[in-house]
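What follows is a predicted protein model with its sequence.
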Amino acid sequence: MKTDPGVCDCGTPDADSDHDALLDCEDPAPHGWQRQLTLDGGQIPGNLTHFALLVQVTDSHLQANAAADGGDIYFTAADRLTVLDFELESYGAATGALVAWVSMPSLSANTDSVLYLGYADGGTGRAKTANVWSDYRNVWHLAEDPTLGSNAVHDSTQRAHGTAQGGMPATARVAAVAGQGLSFDGSDDQIEFVNDLTGAGPSTFSGWVNQAADPITGGDSGSALLSIGDGQSNRARFLLSLAEQSKVKTGFYNNDELSTAVLPTGVWKYLVWVWNGSTSEVYIDGASIKAPLARTNVNTSGTVGRIGGSTFGYDFFLTGLLDEVRIAGSARTAASITAEYNSQRPGSTFIKTLSDPMTAAKH
């Protein structure tokens, strides 16, 4: 109850800090709301820095209180005040469905960590994407409608937006691991982008793939997740989710490795290929599938890059679904790859608790 204009009996100014048409002295949350998220330290296998955490929730309180465009959503560290960089991949105002990527400065092995999701404080345009992906050359969420023309498939690093080929329809945009992904028909669908990764230095290719039934009919067939470079020996880099004998294949063109792994069909699998400048290693669902293999004579060249297709010699159009395709210009560590899998996989319990809403700290 107010006692004088501008002051209420609890000493709170007669203002509207969160611009929700409720005066602070009458508003149950004058600075909006916060929710505590606790990360399961048992799923963090090693100390990590600058980890891109997937936060994917659908929540009725978020839907009822956050701005329709999600512009007032933000994240803080455990002190509830230090704002964390994040990318807002999508927010559905009708359902409260949030997909965001939060830059966690550090995570400690086997130690629970805490952050806060905030909203409804009247803020706008909170997302700061660039720093989230500063460890990567390219990050494609594959969440866009591929029919929207040139460069419609966004690269969150802003380096290499992609353009759909093969007449991909709007219906190719499907529910996937993190929000939306894309379906590829195995005939002519692919996403083309301009590649700028050349030479012999390290790289990590990664992506979630839901492989359709085996289309392989001969030894020179395949299903490409990602490919860069040209069609001369040693001058390409590629990750095939399906190759001869239905196995995963990686390499540099005529300098290749056929793994022992066969991906099952109809389920999402996290596929990662690490090249550290001297050895090649493949991970499936966060686990290395064989010892690193030495390679030489690598000299990647060429500006063509393709998701779901090959840049050299053969079509290798992918049949199935893709999500979260990335290129890092470094060799990602085993601990980071395992933590990525644990945090992103369908049914993940990496975020083990989401608290009830609490009144946000003033910030």
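All right, it came through fine.

Strands of the stretch 251-363 of the chain, start to end?
Ranges of strands in the stretch 251-363 of the chain, per DSSP state E, counting those that start in this stretch, are 256-258, 268-275, 279-284, 287-288, 293-294, 304-307, 319-328, 351-354, 358-359.

Just send the ones you listed back as JSON lines, with distance to D72 and mean pLDDT too.
Every residue, glycine included, has its C-beta placed from N, CA and C. Output for the strands of the stretch 251-363 of the chain, formatted as JSON lines (distance: least, Cβ to Cβ, whole Å; pLDDT from 0 to 100):
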{"stretch": "strand 256-258", "distance to D72": "48", "mean pLDDT": "90"}
{"stretch": "strand 268-275", "distance to D72": "32", "mean pLDDT": "98"}
{"stretch": "strand 279-284", "distance to D72": "37", "mean pLDDT": "97"}
{"stretch": "strand 287-288", "distance to D72": "39", "mean pLDDT": "97"}
{"stretch": "strand 293-294", "distance to D72": "49", "mean pLDDT": "94"}
{"stretch": "strand 304-307", "distance to D72": "33", "mean pLDDT": "98"}
{"stretch": "strand 319-328", "distance to D72": "26", "mean pLDDT": "97"}
{"stretch": "strand 351-354", "distance to D72": "18", "mean pLDDT": "96"}
{"stretch": "strand 358-359", "distance to D72": "15", "mean pLDDT": "88"}
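
what about the longest helix in this structure?
The residue-count maximum for a helix in the chain (DSSP state H) belongs to helix 334-344.

And the average pLDDT for that helix is what?
Averaging pLDDT along helix 334-344 yields 98.

now do stretch 45-59
97.

E324: neighbour count?
E324: 24 surrounding residues under other Cβ atoms under 10 Å.

cool, A127 as well?
17.

beta partners of the closest residue to it other than its chain neighbours?
Once flanking residues are discounted, A127 sits nearest to L88: 4.4 Å by Cβ to Cβ, 6 or more residues apart in numbering. Beta bridges link L88 to A100 when assigned by DSSP bridges.

For L88, give me its contacts.
Residues near L88 by Cβ atoms under 8 Å, 6 or more residues apart in numbering: G70, I73, L98, V99, A100, R126, A127.

Flag every buried residue along stretch 321-338.
Buried residues in stretch 321-338, counted by 16 or more other Cβ atoms under 10 Å: 321-328, 330-332, 334-338.

do you know how far A236 is from F184?
A236 sits at a distance of 19 Å from F184 (criterion: Cβ to Cβ, to the nearest Å).

Do a quick rundown of the helices in this structure.
60-65, 334-344.

Can you check which of those helices gets nearest to T359?
The closest of those to T359 is helix 60-65. By Cβ to Cβ, the value is 11.9 Å.

How far away from the center of its chain is the closest one?
Here the centre of helix 60-65 is set off from its chain's centre by 24 Å, with Cα atoms, centre = their mean, to the nearest Å.

Compute the first-to-last residue distance for stretch 198-212.
One end of stretch 198-212 sits 31 Å from the other (Cα to Cα, to the nearest Å).

Buried residues, it. List them.
Residues of stretch 198-212 classed as buried: A200, P202, S203, T204, F205, S206, G207, W208, V209, N210, Q211, A212 (neighbour count, 16+ other Cβ under 10 Å).

Reformat the strands of the stretch 251-363 of the chain as JSON lines; add distance to G118.
Output for these, formatted as JSON lines (distance: least, Cβ to Cβ, whole Å):
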{"stretch": "strand 256-258", "distance to G118": "46"}
{"stretch": "strand 268-275", "distance to G118": "30"}
{"stretch": "strand 279-284", "distance to G118": "34"}
{"stretch": "strand 287-288", "distance to G118": "35"}
{"stretch": "strand 293-294", "distance to G118": "46"}
{"stretch": "strand 304-307", "distance to G118": "34"}
{"stretch": "strand 319-328", "distance to G118": "25"}
{"stretch": "strand 351-354", "distance to G118": "13"}
{"stretch": "strand 358-359", "distance to G118": "10"}
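
Tell me which of these sits nearest to S113.
The closest of the strands of the stretch 251-363 of the chain to S113 is strand 351-354. By Cβ to Cβ, the value is 10.1 Å.

Restricting to C-alpha, output that closest one in PDB.
Provided in PDB are the C-alpha atoms of strand 351-354 (Å, rounded to 0.1, in the frame of the first residue of the first chain):
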ATOM      1  CA  ILE A 351      20.800 -29.400 -17.000                       C
ATOM      2  CA  LYS A 352      19.600 -31.400 -14.100                       C
ATOM      3  CA  THR A 353      17.400 -28.900 -12.400                       C
ATOM      4  CA  LEU A 354      15.400 -25.700 -13.400                       C
END
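
Report all helices and strands that it contacts.
strand 33-39 (3 or more Cβ pairs under 8 Å, 6 or more residues apart in numbering; DSSP states H and E).

Give the pairing partners of the strand it packs on; include direction for each.
strand 113-119 (antiparallel), strand 351-354 (antiparallel), strand 358-359 (antiparallel).

That strand vs helix 334-344, what angle?
130 degrees (axes from the mean of the first three to the mean of the last three Cα atoms, to 10 degrees).

about what we covered before: what about the residue nearest to A127, distance to Y74?
Distance from L88 to Y74, by Cβ to Cβ: 10 Å.

any shared contact partners between those two?
R126.

before we move on, the earlier item: pick the one among the contacts of L88 closest to I44.
A100 (19.2 Å).

wouldn't that closest one be in contact with I73 here?
Yes. Between A100 and I73 there is a contact at 7.1 Å, judged by Cβ atoms under 8 Å.

what is in contact with the two at once?
L88, A127.

Burial check on the closest residue to F252 other than its chain neighbours, number of neighbours?
In this structure, F252 finds its nearest non-sequential neighbour in N234, 4.8 Å apart by Cβ to Cβ, 6+ apart. Neighbourhood size, N234 [other Cβ under 10 Å]: 19.

Kind regards, and thank you for your time.
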